[in-house]
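[1] Please work out how this folds:
(chains A and B)
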Amino acid sequence: MNPTTIEVPYEIPAGAQNPVEPFLRMDRMPHIWCPGCGIGTTVNCFTRALIDSKADLDKVAVVSGIGCTGRVAGYARLDSFHTTHGRAIPFATGLKLSNPELQVVVYSGDGDLFAIGGNHFIHAARRNMDLKVICVNNLTYAMTGGQTAPTTPGHVISATNPYGVFEPAFNLVALAEAAGASYVARWTTYHVKQLSRSMAEVFKKKGFCFIEVLSPCPTLYQRKNKMGDGLDAMKFYKEVSKTRNGAPTSECALTKSGEIVVGKFVDRERPDYFELLRAQMTETLGDRYTEPEVACSC
Amino acid sequence: MHADPRGVLTGVHFLDGDHACCEGTLAAGARFAAGYPITPSTEVVERFASRIPTVGGIFIQMEDELAASIAIQGAVWGGAKAFTVTSGPGFSLMMEHIGYAAITETPCVFVNVQRGGPSTGLPTLPAQADMMQARWGSHGDYGIIALCPNSPQECFDLTILGFNLSEEFRVPVMMMLDECVGHMTEKVVIPEADRIEVTPRRYTKLPPEEFRLFEPRPDSVPDMVRAGDGYRFHVTGLTHDERGYPSMNVETQDRMVRRLVDKVKPLANGRALCETENLEDAEVVVVSYGITSRVAQRALQMARRQGIRAGKFRLISAWPFPEQRIEELAGRVKAFVVPELNLGQMVHEVARAARGKAAVIPVSHAGGTVHNPDVILKAIVEAAR
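    Predicted coordinates:
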């Protein structure tokens, strides 16, 4: 592989070990993620998106749940909240409603967002709450040792399905669209440019936005299923991914070794929660309606 | 500082406890509430939903109590004063987030209008059986504050106090109403805003590079920051050091947990809130709280009429338990009589604090209605014998 130069439009501190160091809590390194894990790649894409969208970093907050991806909040040098298992979205909802000028990013894993937190996901999408939800989907519960998740494809061997998974899995992009998300995309950690672009795009988009990122777990998912290491995962993603922007999400279900449809599937305009609130209150209360001023002066 | 007049409905009102509690939240400066409907508590947020669009704030009905109890904490870190309201089954669901508020030292208020349990129990009827749950319901060691109003007026007054204490000690505060107090309608006087003291959130004055999120001030709690102000801080439910960073070791755990437990202790001792009557010559003291204290009042009057030297000790702050006061009394009275709408909860605390120096007599009731005062009187008479 040829060495490449990465153009960085900000100053890298002298002696920096990493070009995205200004975005990381370097005093917390090394991170806990395993060799070959894709979560760090998604964080790199996230920082790239922050740079490209020229976000005011004081006004970006990251909210995570529990799990491997839940640790992102702890490494991002932003206002960051590592909440309880499954509850990143309702925490983020309160944060956004009390402080609307914040760009609130929910960064969590598939088990956290879609098993224990599934109810909150669909309701935040229904409300079109102005949250950017990034789901790192490694198809398993990795932090706890490789158990079956609601995303684990059939026939996969997991710690809790040692003879193979037989429950049907969620198709996350179809679920997000059906629940009302304004923006739905899926990439893998092989698609770093596309992923960065999608992340930058949702920073500019109002309403509930959802990006699914398929990410390797060599330590558990791949080892148990003889799928090789992190590099093998990249080769696999490269081989089976097919970009189909605008594809019907119902056709984008994942299987153990079949095609991975990636792309931007949904990008639509729906009034978000604040617009709906304001419209209804103004219609009903007229001049008596007072814009929320939630942050306490007292 | 004084209350923001926009939230204060000054005047003389005829309100039930739930509605008075809502007015207390508004007077205290709460501009964010999240809730999930559950009898007999929903009236608190129904009124908030009706009032808040003209005051300037947010009510959101969440998809469940798990969501409501964490949404308020997101709102607090965004800068709001916030609360949620529930009853038995919902309170059970909120336990994890009471622990999250405790470990992250998030000032917020949980209103629990108690009904009969366990499980779905008696949705429309009173009990006081969540008292131990309020103190111990979430896993791990931590301290909380719980207040027990016994009238609509107190639902207003103590809710303001609850918010103030949550800011002062940075703990979740439990407002432990019961169905009777929540639904009884009485006169409620709401003073002028400039007669209502409100504790402001104490934001740090340090610049971001010097600020440490969980560094307590001497003899006090850490100062706060809010998201968006440039501090780039990290909050976690993991055991954390003074920077707020996860730290998985015995020393950090010991330091953090002891501080979380110890910080509310002033309320167990000198600052304990209680209402007393006729304790000077008392040989029997009735310890009660919430609606039961009003039934006990009748029993106390009847006992005095019979010549029994009976005194009243009403818990206003039930947690931390005012052990010092009870221990002092135990040295000079014959017995404590403890009526409550449960099969014995706070009575264990009375017994613990009494250290065997006085008899402790429970007057238990499984809930669904209040005691017959005669039953409490009988216990007083027997205790005095």
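
[2] Can you tell me the SS state at residue 134?
    With no chain named, the answer covers chain A. Each residue gets one of three states, and A:Ile134 gets strand by DSSP: H, G, I helix; E, B strand; the rest coil.

[3] not quite, I wanted chain B
    For B:Ala134, the secondary-structure state derived from three-state DSSP is helix.

[4] Quick check: it touching B:Ile144?
    Yes: under the criterion of C-beta atoms under 8 Å, B:Ala134 is in contact with B:Ile144, at a separation of 6.9 Å. In short, each C-beta sits where N, CA and C put it, glycine included.

[5] Need the overlap of contacts for these two.
    Applying C-beta atoms under 8 Å, 6 or more residues apart in numbering or on different chains, one finds that B:Ala134 and B:Ile144 are jointly contacted by B:174, B:319.

[6] For the stretch 201-350 of chain B, which residues are neighbours of chain A?
    For the stretch 201-350 of chain B, the residues in contact with chain A under the definition C-beta under 8 Å from any C-beta of the partner chain are B:201, B:226-238, B:245-246.

[7] can you pull the buried residues of stretch B:239-248?
    Of the residues in stretch B:239-248, those scored as buried under the neighbour-count criterion (16 or more other C-beta atoms under 10 Å in any protein chain shown) are B:239-241, B:243-247.

[8] Just the ones of the residues you listed in strands?
    Judged by DSSP state E, the subset of these located in strands is empty.

[9] what's the farthest-apart pair in the residues you listed?
    Using C-beta to C-beta, the pair of the buried residues of stretch B:239-248 lying farthest apart is B:Thr239 and B:Arg243, separated by 12.6 Å.

[10] Quick check on residue 228: phi, psi?
    Looking at chain A here, since you left the chain open. phi 80, psi -160 (degrees, to the nearest 10).

[11] My question was about chain B, not that one.
    When read as degrees, to the nearest 10, the backbone of B:Gly228 gives phi 90, psi -10.

[12] residues touching it, list them.
    Applying C-beta under 8 Å, 6+ apart to B:Gly228 gives the contacts A:58-59, A:61, A:79, A:99, A:101-102, B:78-79.

[13] in the sheet, who's paired with B:Thr236?
    Following DSSP bridges, B:Thr236 is listed with bridge partners A:His82.

[14] Contacts only, for it.
    By C-beta under 8 Å, 6+ apart, the contact set of B:Thr236 is A:73-74, A:81-82, B:104, B:244-246.

[15] Same list (those residues) but as TSV, adding distance to B:Val284 and pLDDT.
    Listed next are the contacts of B:Thr236 as TSV, based on distance: C-beta to C-beta, whole Å; pLDDT from 0 to 100:
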residue	distance to B:Val284	pLDDT
A:Ala73	56	95
A:Gly74	56	94
A:Phe81	52	98
A:His82	52	98
B:Thr104	44	98
B:Gly244	50	97
B:Tyr245	54	96
B:Pro246	52	96
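
[16] Turn these into CSV, including distance to A:Arg197.
    Supplementary listing: the contacts of B:Thr236 in CSV, determined by distance: C-beta to C-beta, whole Å:
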residue, distance to A:Arg197
A:Ala73, 23
A:Gly74, 26
A:Phe81, 26
A:His82, 27
B:Thr104, 35
B:Gly244, 33
B:Tyr245, 32
B:Pro246, 32
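
[17] Pick out whichever of the residues you listed sits closest to A:Asp267.
    The nearest member of the contacts of B:Thr236 to A:Asp267, counting by C-beta to C-beta, is A:Ala73 at 26.7 Å.

[18] Can you give the distance of the helix or strand that contains that closest one from its chain's centre?
    Secondary structure assigned from DSSP states H and E places A:Ala73 in helix A:72-75. Its chain's C-alpha centre lies 13 Å from the corresponding centre of helix A:72-75 when counted by C-alpha atoms, centre = their mean, to the nearest Å.

[19] same deal with stretch A:150-170?
    Centroid separation between stretch A:150-170 and its chain, computed with C-alpha atoms, centre = their mean, is 22 Å.
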